[in-house]
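>>> Sharing a sequence plus its predicted fold:
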Amino acid sequence: MIKRWSAFLLFILASANADAMSVNMDEPRTITADRIEYDVKSETIKTVGNTEIVNQSGQRMTLTDSYITQQGEELSGDDIRLWLGNHVYVESDNITRKGNLTIARHATFTACDDCDAYGDAWEISTYKIIHDMDSRMLKFYSPVLRTYDIPVLWWPYFEMPDPGVKYKTGFLMPDFESTNKMGTQINIPLYISLSDTHDMTFTFSYLTQENPLFQFEHRLNAEHSEYRTHGSFTHNREGESRWHIFNDDVIELGEYARATVFLERASDKTYLQKYGFYEDQPYLESGAKLELFGQSSYVVADAHIFQELRDSTGIQTAPDGDILPNIRAVHQTAPLFGETYATFAADVLGISGDGTSAQRMIGDARLTTPWTLWGGNRLTASVSARYDLYHFHNTEMIDGAIYSGFKNRFLPSGYLEWGLPLFKPTNNWTQIIEPRARLTVMREMDAETFATNNDSAGTILTDSVLFSDNRFAGLDLWENGTYADYGVRWAAFNEDGTNVEIFLGQSYDFTERPDTELDTGFRNGLSDYVGRVSYNDMKLLNVATRFRLSQDTLVLRHMETTANIGSSRNFFNVGHIWSQHWNTELRENVNINEAIIGAGIQLTNRWSMRWNAIYNIEEKQFQRHTGGFFYNHPCYYLSVEYRRDNAIKEDYVGTTTFQFRFGMAINGQQY
């Protein structure tokens, strides 16, 4: 009769020498075998037949006819499999353990057991593997990499951390790129683990048609902060030193305070694009921010320094000068009576650059009273008083004059808003129709008294601008006089989450707007119509569009659309923006007609294809497109991608880049 014994029975067999059998938690905890023999004199264990040993760390070993010393310093056996994790084992004809070293001869290592019906996707066969429990490293001597039992690569020596190691210093899997401007690029990353929360990666990039590129990335997570820095450097064949550095640090200063430091700088406008670090950012921004939180208060102080990356910009989009300081504080009171509350705000801003500067101080107080009346009518009244003080130095004003000195203004305003949401539930759907109107009264000001160098560039009428306190993007430019906003919203939703929404609205100016531009959508009197339409079935289709129609002819003037069709595995995405010819000095004199397209197809359970592009319909060409094939296996991954950039800027002419990546995965962790 075959008997299987546990460590508890082993303890009973050695009860004559109980002190000698005291189990160290770092030693094997459980031994199960067909037969177990314990030699009291030599304090050794011998198993006969199929044997399984599980130690404190959870590692498991199966073997036959084993020999183990009592303290576990030495172990030997035949037909051995040492399990290091799920699907991860070392198989050997013979394994010997001496102290913390486990030596497997004529062995095979794989992390892909039972991951594929066709066999192990990869395995490494070697004449000797040494596993060091102190360093948690696996050392392979003369290993051969096999894919589905086909030898594909040999190298004299290789080592890697065992699956129990989270972080280990060493080289990572290289990847390859090829561009039509700089040739083939081979990236060799070196990972450096400084602690469980602190590490770095250095990457040496060899390029066949350009000098080497050096990259680094630094990561540190402290108890109440995190630090991220990455950058690169090269000294190219033209003798130029080119580089970039990006940094983002977040420091929690307690429950009510947080500091942020951010840095984005590059050696020149085109470096990021040429070397593949560009992410469509129009400019680089550096600075710092301090935030203070309260139960009903918020204070932020920040500074911003810009580096322009575009060849040409419209005044409305370029950060004109550096911002230092920028301080804004907001406090909202508890209800003073009923639901009435007060809001107090203060703002300090300084802008400087090119020999000019402007500073401002703003104080604002607002009282807001919401009511819910009979029949569900909602009424909100608000009054505000704001005082601005400006100091200009050699600053160009909107009327073209160069001005130095002080200017001030007092800006009282108020609004009265009404809304009536009407609900109609049915068996499957709930419908809502809500008419809404707001009358806003502001002091009328001369727009030409303010500078072009400010935080406001102008305004474009959209559905998001309606019912706002100030229809300009910033605080410097000021809406003039009295105007009304009104619109109606219809929405419906069901129990499955499907929802539909339609909104249409308009604005009416009672006072004459200075320099009214047709392309803004505003008029003296009735504005253009603005609206939005959306549908989301929470499964396969999500579509949203916002638009503007000419007030007099109902001709489409502006439209933005996004659509997501499909699931996360198979999908088609499209985004489109169309806007009529800009007719203003503050914007580039071009039409906007651009589409962003993306698609993904799950070809098999593991193969997928992805593609996305930005297409300029006006110029009939792609601005950029990327795509590739991706293979995700439980035991390894690979991808082949391309990227085409058609941008032309200074010394940069669009490039095509191909990239190949391959890596192994052990217990879901990629290497």
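Ah, there it is.
>>> can we go C-alpha only for contacts and neighbour counts from here?
Fine.
>>> worst-scoring helix or strand of this structure, pLDDT-wise?
helix 7-13 (a mean of 29; mean pLDDT, DSSP states H and E).
>>> Next secondary structure element downstream of that one?
strand 28-39 (DSSP states H and E).
>>> who does the following helix or strand past that following strand pair up with?
On the C-terminal side of strand 28-39, the nearest following helix or strand under DSSP H and E is strand 44-55. Strand 44-55 pairs in its sheet with strand 28-39 (antiparallel), strand 60-69 (antiparallel), by DSSP bridges.
>>> winner for burial among these?
Mean neighbour count, computed with mean count of other C-alpha atoms under 10 Å, is highest for strand 60-69 among these, reaching a mean of 20.
>>> Mind listing residues that contact that strand?
Identification of contacts with strand 60-69 by C-alpha atoms under 8 Å, 6 or more residues apart in numbering yields 43-54, 74-84.
>>> Would you list the buried entries among the residues you listed?
Neighbour counting with 16 or more other C-alpha atoms under 10 Å marks 44-47, 50-54, 74-78, 80-84 as buried within the contacts of strand 60-69.
>>> mind putting the strands paired with strand 44-55 in TSV, mean pLDDT and distance to residue 95 included?
As requested, these are exported to TSV (pLDDT from 0 to 100; distance: least, C-alpha to C-alpha, whole Å):
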stretch	mean pLDDT	distance to residue 95
strand 28-39	78	16
strand 60-69	78	9
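>>> all helices of this protein, in order?
7-13, 271-274 (DSSP state H).
>>> helices or strands next to the shortest one in the packing?
With contacts taken as 3 or more C-alpha pairs under 8 Å, 6 or more residues apart in numbering; DSSP states H and E, helix 271-274 sits against strand 241-252.
>>> Now do the strand it packs on: distance to the chain's middle.
16 Å (C-alpha atoms, centre = their mean, to the nearest Å).
>>> now stretch 623-639
19 Å.
>>> what's the span of it, first residue to last?
23 Å (C-alpha to C-alpha, to the nearest Å).
>>> what residues does it touch?
With C-alpha under 8 Å, 6+ apart, stretch 623-639 has contacts from 111-112, 115, 121-122, 606-616, 640-647, 659-668, 670.
>>> and if we set it to 6 Å?
112, 606-615, 640-646, 660-665 (C-alpha atoms under 6 Å, 6 or more residues apart in numbering).
>>> ok, now how distant is residue 513 from residue 470?
Taking C-alpha to C-alpha, one finds residue 513 at 14 Å from residue 470.
>>> same check, this time on residue 278
From residue 278 over to residue 470 (counting by C-alpha to C-alpha), the distance is 34 Å.
>>> And these two? Which one has more around it.
residue 470 (17 against 12; other C-alpha atoms under 10 Å).
>>> Quick check: residue 224 touching residue 253?
No. Using C-alpha atoms under 6 Å, residue 224 is not in contact with residue 253; the gap is 7.6 Å.
>>> between the two, which one's more packed in?
Using other C-alpha under 10 Å, the more surrounded residue of residue 224 and residue 253 is residue 253, with 14 against 11.
>>> Now do the same contact list for the closest residue to that one other than its chain neighbours.
Nearest residue to residue 253, sequence neighbours excluded (C-alpha to C-alpha, 6 or more residues apart in numbering): residue 259, at 7.0 Å. When contacts are counted by C-alpha under 6 Å, 6+ apart, residue 259 touches 250-251, 289-290.
>>> Mind doing that once more with 7 Å?
250-252, 289-291 (C-alpha atoms under 7 Å, 6 or more residues apart in numbering).
>>> Could you measure from the residue nearest to residue 39 when sequence neighbours are not counted over to residue 68?
Excluding the flanking residues, the one nearest residue 39 by C-alpha to C-alpha, 6+ apart is residue 45, at 6.4 Å. As judged by C-alpha to C-alpha, residue 45 and residue 68 stand 5 Å apart.
>>> Over to residue 480?
Counting by C-alpha to C-alpha - residue 480 and residue 68 are separated by 91 Å.
>>> can you check residue 422 too?
80 Å.
>>> Just give the number of residues close to residue 474.
14.
>>> Surely it touches residue 456?
Yes. With contact defined as C-alpha atoms under 7 Å, residue 474 counts as touching residue 456 (4.4 Å).
>>> which residues does the spatially closest residue to residue 413 that is not a sequence neighbour contact?
Once flanking residues are discounted, residue 413 sits nearest to residue 442: 4.4 Å by C-alpha to C-alpha, 6+ apart. By C-alpha under 7 Å, 6+ apart, residue 442 lies in contact with 412-414, 480-482.
>>> Need the pLDDT of the residue nearest to residue 611 when sequence neighbours are not counted.
Excluding the flanking residues, the one nearest residue 611 by C-alpha to C-alpha, 6+ apart is residue 627, at 4.0 Å. pLDDT for residue 627: 96.
>>> bridging residues for residue 627?
Residue 627 has these beta-bridge partners by DSSP bridges: residue 611, residue 642.
>>> Tell me how many other residues crowd it.
19.
>>> Quickly note the distance from it to residue 657.
Taking C-alpha to C-alpha, one finds residue 627 at 11 Å from residue 657.
>>> what is in contact with these two at once?
Contact criterion C-alpha under 7 Å, 6+ apart; residues shared by residue 627 and residue 657: 642-643.
>>> Strands along the stretch 401-550 of the chain, start to end?
402-419, 422-425, 429-442, 482-494, 499-509, 529-536, 541-549 (DSSP state E, counting those that start in this stretch).
>>> and the nearest residue to residue 351 once chain neighbours are set aside, what does it touch?
Once flanking residues are discounted, residue 351 sits nearest to residue 323: 4.6 Å by C-alpha to C-alpha, 6+ apart. Shown in contact with residue 323 (C-alpha under 7 Å, 6+ apart): 303-305, 350-352.
>>> one more time with 8 Å
Going by C-alpha under 8 Å, 6+ apart, residue 323 touches 303-305, 349-352.
>>> Out of these, list just those in strands.
303-305, 349-352 (DSSP state E).
>>> Neighbour-wise, give me the winner out of those.
residue 351 (24 neighbours).
>>> Just the pLDDT at it, thanks.
88.
>>> Do I have it right that it meets residue 322?
Yes. Residue 351 is within contact range of residue 322, at 5.5 Å (criterion: C-alpha atoms under 8 Å).
>>> any idea how far residue 596 lies from residue 561?
10 Å.
>>> Residue 322 too?
Distance from residue 322 to residue 561, by C-alpha to C-alpha: 34 Å.
>>> go on, residue 620?
Residue 620 is 19 Å from residue 561, by C-alpha to C-alpha.
>>> So the two - more neighbours on which side?
residue 561 (18 against 10).
>>> ok, the residue nearest to the more buried one when sequence neighbours are not counted - how many residues close by?
For residue 561, ignoring the flanking residues on the chain, the nearest one in space by C-alpha to C-alpha, 6+ apart is residue 545 at 4.2 Å. Neighbour count for residue 545, taken as other C-alpha under 10 Å: 18.
>>> What pLDDT does the model give residue 545?
97.
>>> surely it meets residue 574?
No. Judged on C-alpha under 8 Å, residue 545 makes no contact with residue 574 at a distance of 11.4 Å.
>>> coming back round to it: and the residue nearest to residue 561, bridged to which residues?
residue 533, residue 561.
>>> Quick check: the gap between it and residue 573.
Applying C-alpha to C-alpha to residue 545 and residue 573 gives a distance of 14 Å.
>>> Find residues that contact each of the two.
Common neighbours of residue 545 and residue 573 (C-alpha under 8 Å, 6+ apart) are residue 562.
>>> number of nearby residues for the nearest residue to residue 246 once chain neighbours are set aside?
Spatial nearest neighbour of residue 246, excluding adjacent residues (C-alpha to C-alpha, 6+ apart): residue 264 at 4.6 Å. Residues near residue 264, counting by other C-alpha under 10 Å, number 20.
>>> Which residues are in contact with residue 264?
244-247, 284-286.
>>> Could you point out which of those is nearest to residue 486?
residue 285 (38.1 Å; C-alpha to C-alpha).
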